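Enquirer: next input, structure requested:
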Amino acid sequence: MLDKQTMINAQDALPGRNTPLTIDDSHFVNQSSLTAKPAQGCQEILFGMGCFWGAERLFWQLDGVISTSVGYSGGFTPNPTYEEVCSGQTGHTEVVRVVFDPKVISTKQLLQAFWEKHNPTQGMRQGNDLGTQYRSAIYVYSDEQYQAAIESKQTYQQLLGGEQHQITTEILPAGKYYFAENYHQQYLAKNPNGYCGLGGTGVCFPPQ
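Expert: Modelled structure (predicted):
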């Protein structure tokens, strides 16, 4: 029997498919393009914080964030479905793709929101959501983002303190990002009373 809290290896992962899922390109909240590459001067980054519904809402509300979408990354299966990701047999985690203007909001500010708004110490789960698809992750697109992520992790670890609060967040260069199904995109704008699993540790960064 598969243990959904144990990471699968590439050889045992589901084969997936060559054809991407079809999604509407317009952001339900701000009408930005979900699939467009970042415009000149803008950047993108992927955050895994457990269930991606509440995590996406967190970021689309921030000034300087141009577009958000939800999808799957960090695993092996090409173009997976939600059901396949939830099976624990793809290696992917649920992530939010954040496209932002660093002149308005910095990578550091995004990272602070990331650390404060979920519990990065729980391994292959987030709250009551269990499985490798709920692991905490930051997938970066540049050396600068990587260094900022590592430094912010070290700072937040110091704020959290002791051995029982060790951060388990995966920080890696971004691999392939696969868009999730249409109904997941901006889910909590379409379903205001829907499930939001976000819950932080209560430990915040000092005011700047």
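Enquirer: which residues sit in contact with Val65?
Expert: Phe59, Val98, Val99, Phe100, Ile105, Leu110 (Cβ atoms under 8 Å, 6 or more residues apart in numbering). In this view, the C-beta of every residue, glycine as well, is placed from N, C-alpha and C.
Enquirer: for my notes, confirm the first one occurs in a helix.
Expert: In this case it means Phe59. Yes. Judged by DSSP: H, G, I helix; E, B strand; the rest coil, Phe59 forms part of a helix.
Enquirer: thought it was touching Ile66?
Expert: No. Contact criterion Cβ atoms under 8 Å: Phe59 and Ile66 do not qualify, at 10.4 Å.
Enquirer: what helix or strand is Ile150 on?
Expert: Assigned by DSSP states H and E, Ile150 belongs to helix 143-160.
Enquirer: distance between the ends of stretch 25-36?
Expert: Stretch 25-36 has an end-to-end distance of 9 Å (Cα to Cα, to the nearest Å).
Enquirer: ignore the last one, stretch 125-144
Expert: With Cα to Cα, one end of stretch 125-144 sits 28 Å from the other.
Enquirer: who's in contact with whichever strand or helix holds Leu188?
Expert: Leu188 is part of helix 187-190 when elements are defined by DSSP H and E. Applying Cβ under 8 Å, 6+ apart, the contact partners of helix 187-190 are Phe28, Val29, Trp53, Gly54, Glu56, Arg57, Trp60, Val70, Tyr183, Gly194, Cys196.
Enquirer: closest one of the contacts of Val65 to Tyr134?
Expert: Phe59 (17.4 Å; Cβ to Cβ).
Enquirer: this protein: helices as residue ranges?
Expert: 52-60, 82-86, 107-116, 143-160, 187-190 (DSSP state H).
Enquirer: low pLDDT regions in this structure?
Expert: Scanning the chain for pLDDT under 70 picks out 1.
Enquirer: can you pull out the strands in it?
Expert: 43-49, 65-73, 93-100, 125-126, 129-130, 136-140, 170-173, 178-179 (DSSP state E).
Enquirer: now the ones you listed as JSON lines including distance to Cys204?
Expert: Output for the strands of the chain, formatted as JSON lines (distance: least, Cβ to Cβ, whole Å):
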{"stretch": "strand 43-49", "distance to Cys204": "16"}
{"stretch": "strand 65-73", "distance to Cys204": "20"}
{"stretch": "strand 93-100", "distance to Cys204": "20"}
{"stretch": "strand 125-126", "distance to Cys204": "18"}
{"stretch": "strand 129-130", "distance to Cys204": "23"}
{"stretch": "strand 136-140", "distance to Cys204": "17"}
{"stretch": "strand 170-173", "distance to Cys204": "20"}
{"stretch": "strand 178-179", "distance to Cys204": "32"}
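Enquirer: circling back: so which elements touch the helix holding Ile150?
Expert: helix 107-116, strand 136-140, strand 170-173 (3 or more Cβ pairs under 8 Å, 6 or more residues apart in numbering; DSSP states H and E).
Enquirer: pick the most deeply packed of the ones you listed.
Expert: Mean neighbour count (mean count of other Cβ atoms under 10 Å) peaks for strand 136-140 among these, with a mean of 24.
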